[in-house]
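Participant: Sharing a model prediction with you, sequence too.
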Amino acid sequence: MAENSPSRLPAEGRVVMLSGANRGIGAAIARRLHEDGYSLSLGLRQPAALSGFDDDRCLCHHFDAMDAESPAAWVAATMDRFGRLDGLVNNAGIGEPFGFEDGDEAAFDRMLEVNVKAPYRLIQAALPGLRAAGSGRIVNITSLAGIRYKRGSPGYVISKFAAMGLTSAARALLWQDGIRVTAVAPGPVNTDMMRGSDALPSEDMTQPGSIADVVAMVLALPNTASVSLVPINALWEPMV
Ligand SMILES: NC(=O)c1ccc[n+]([C@@H]2O[C@H](COP(=O)([O-])OP(=O)(O)OC[C@H]3O[C@@H](n4cnc5c(N)ncnc54)[C@H](OP(=O)(O)O)[C@@H]3O)[C@@H](O)[C@H]2O)c1
């Protein structure tokens, strides 16, 4: 293999921002990327509460997806601390009931804000750093609910379809800058978000560590082996 064509990018020295790292899928991704050797900038509503990420490879910074100023402030703090940015994992997300005949439109607005607009703003703010890296990575944790309607809150599904649109547009428009954009789209995952759901027993759902494995793989792929979409399911369905 030619020396300038690695099949895997190294974790050491690369800096990844991850939102919602305190629980669920985000916590599993944070643990996995930390073990792999990445430097991490973790965006959290309550950064002081996150233990286990207090070494010199980690920054825990305030991030509230409902606050339009928060993405730029978190990216600026990341650049100040590490001086570079190689990856952004948009993981923080919410699901609330909102349908055609029920639900409060404020809930719909919150889902659009957290699941779509905050990731959009983070991508905007992160762009200069990701461009400078030459092999920037954006991973959006979308959902199978962003690919087809099956069950649950229509408002959530609409927000996740929009997150897929964000992924698709970013993938096309940022490709020339060496930035590779991927949607990781899980079905039911055993986290707080699925607590009380009758979709599946929790032990039969996808476990958060499996999503973390996929994110780690996507971040490590070189510019010449980009994956656009990874649907992940615990159930058989046609196509996904
Ligand atoms: N679980 C599933 O079945 C499933 C399936 C497909 C896709 N997903 C997606 O996977 C991602 C992670 O979900 P999860 O299952 O890990 O959910 P979760 O356990 O409920 O965790 C949600 C995370 O998002 C953070 N968050 C929520 N609102 C925020 C805000 N305004 N600002 C900053 N952070 C905020 C939470 O922080 P706090 O602790 O501060 O609330 C928490 O870290 C979401 O995008 C979700 O839509 C989940």
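Facilitator: On my side now, so go ahead.

Participant: what are the bridge partners for L229, then?
Facilitator: A183 (DSSP bridges).

Participant: quick one: it from A185, how far?
Facilitator: Distance, L229 to A185, using CB to CB, to the nearest Å: 6 Å. All C-beta spots, glycine's among them, are computed from the backbone N, C-alpha and C.

Participant: higher neighbour count, those two?
Facilitator: Of the pair L229 and A185, A185 is the one with more neighbours under other CB atoms under 10 Å, namely 25 against 17.

Participant: Dihedrals phi and psi, that one?
Facilitator: Reported as degrees, to the nearest 10, the phi and psi values for A185 are phi -120, psi 90.

Participant: surely it meets N233?
Facilitator: No - using CB atoms under 8 Å, A185 makes no contact with N233, being 9.1 Å away.

Participant: Overlap in contacts, the two.
Facilitator: Listed as contacting both A185 and N233 by CB atoms under 8 Å, 6 or more residues apart in numbering are L144, V240.

Participant: How is F108 assigned, secondary-structure-wise?
Facilitator: helix (DSSP: H, G, I helix; E, B strand; the rest coil).

Participant: how much space between it and S168?
Facilitator: F108 is 22 Å from S168, where distance means CB to CB.

Participant: Mind checking if stretch 42-54 is in reach of the ligand?
Facilitator: Yes - using CB under 6 Å from any ligand atom, stretch 42-54 reaches the ligand at R45.

Participant: The longest helix along the chain packs against which elements?
Facilitator: Determined from DSSP state H, the single longest helix within the chain is helix 154-174. Packed against helix 154-174 by the contact rule (3 or more CB pairs under 8 Å, 6 or more residues apart in numbering; DSSP states H and E) you find helix 105-112, helix 118-133, strand 137-141, strand 180-186.
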